[in-house]
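J.: output the structure for:
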Amino acid sequence: MTLIYVITRIITLPGAFFRTLWQLLVCRVCSIAAFDTRAFKFSEMCGHTEHELLNENPWKSFFICWFPFTMNFILSFYFLSGSAYQLIYVGDTKNILSYLFLWFGISFAANCAPSFEDMLSFKDSVYGRKNVFLKIIFAPFFALFCAMSCLEKYSLTFLMAVAYGVCFPYIFGWGLPVLSLFQSIL
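T.: Coordinates of the predicted model:
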């Protein structure tokens, strides 16, 4: 299973690299000790920064899960908004740059999920406390992080990212013609 996971991280090279970068940035900002910052290693931590566990601070453990997820999702949205619309929705297959941007968009979407260890650390730091307010606030985030990290453990986020890239123009089809019109005005 590790081989399949590493292969999908190699296929989604830009997203795996940037997720490692975002995690390293969070480690530096939050003063978290990072042990292995290589983006590619032949293990289940491929595309992740290995760092100390954050069981004592729920905000740091939330940030280490949330920031890379959000940044890669925004980059995925950015790249897919032009390329998937042009290739899949409109059917204009002449532009090679659209294929490259589609690959970038799928790559970033496939590497949104936090690692399983980060999700468990987040769970322990929030749900290991008696503070009910934190448990309520973080419940939707924990559900999302738990589902995504469980899917990533078996490389299913790659398949979800491909499906998201194909369905993207139909999900956001109402807004993409407006963006295209705005681009043509500029």
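J.: for the protein, give me the ranges with low pLDDT.
T.: Applying pLDDT under 70 to the chain flags the ranges 1, 43-45, 47, 54-55, 175-177, 179-180, 183, 186.
J.: can you map out the strands along it?
T.: With DSSP state E as the criterion, the chain has strands at 34-36, 50-51.
J.: of those strands, which is nearest residue 57?
T.: Closest approach to residue 57 among the strands of the chain (C-beta to C-beta): strand 50-51, 12.6 Å. In short, each C-beta sits where N, CA and C put it, glycine included.
J.: save the strands of the chain as CSV, and put in mean neighbour count and distance to residue 61 too.
T.: Converted to CSV, the strands of the chain look like this (neighbours: other C-beta atoms under 10 Å; distance: least, C-beta to C-beta, whole Å):
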stretch, mean neighbour count, distance to residue 61
strand 34-36, 13, 15
strand 50-51, 20, 11
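J.: got the ones you listed as CSV, with distance to residue 148 columns?
T.: What follows is the strands of the chain, written out as CSV (distance: least, C-beta to C-beta, whole Å):
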stretch, distance to residue 148
strand 34-36, 22
strand 50-51, 19
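J.: among the ones you listed, which comes closest to residue 109?
T.: strand 50-51 (23.2 Å).
J.: helices or strands next to the closest one in the packing?
T.: Other elements packing on strand 50-51 under the criterion 3 or more C-beta pairs under 8 Å, 6 or more residues apart in numbering; DSSP states H and E are strand 34-36.
J.: so what are the sheet partners of the strand it packs on and their directions?
T.: Using DSSP bridges, the strands paired with strand 34-36 are strand 50-51 (antiparallel).
J.: which residues does stretch 125-143 contact?
T.: If you take C-beta atoms under 8 Å, 6 or more residues apart in numbering as the criterion, stretch 125-143 is touched by 54-58, 60-62, 65-66, 119, 122-123.
J.: in those, which residue is surrounded by the most others?
T.: residue 65 (29 neighbours; other C-beta atoms under 10 Å).
J.: how far away is the nearest residue to that one once chain neighbours are set aside from residue 150?
T.: By the measure of C-beta to C-beta, 6 or more residues apart in numbering, the closest residue to residue 65 outside its immediate chain neighbours is residue 114, 3.9 Å from it. In this view, residue 114 and residue 150 are 11 Å apart by C-beta to C-beta, to the nearest Å.
J.: tally of neighbours for the nearest residue to residue 75 once chain neighbours are set aside?
T.: Ranked by C-beta to C-beta, 6+ apart and with sequence neighbours excluded, the top spatial neighbour of residue 75 is residue 108, at 4.4 Å. Neighbour count for residue 108, taken as other C-beta under 10 Å: 26.
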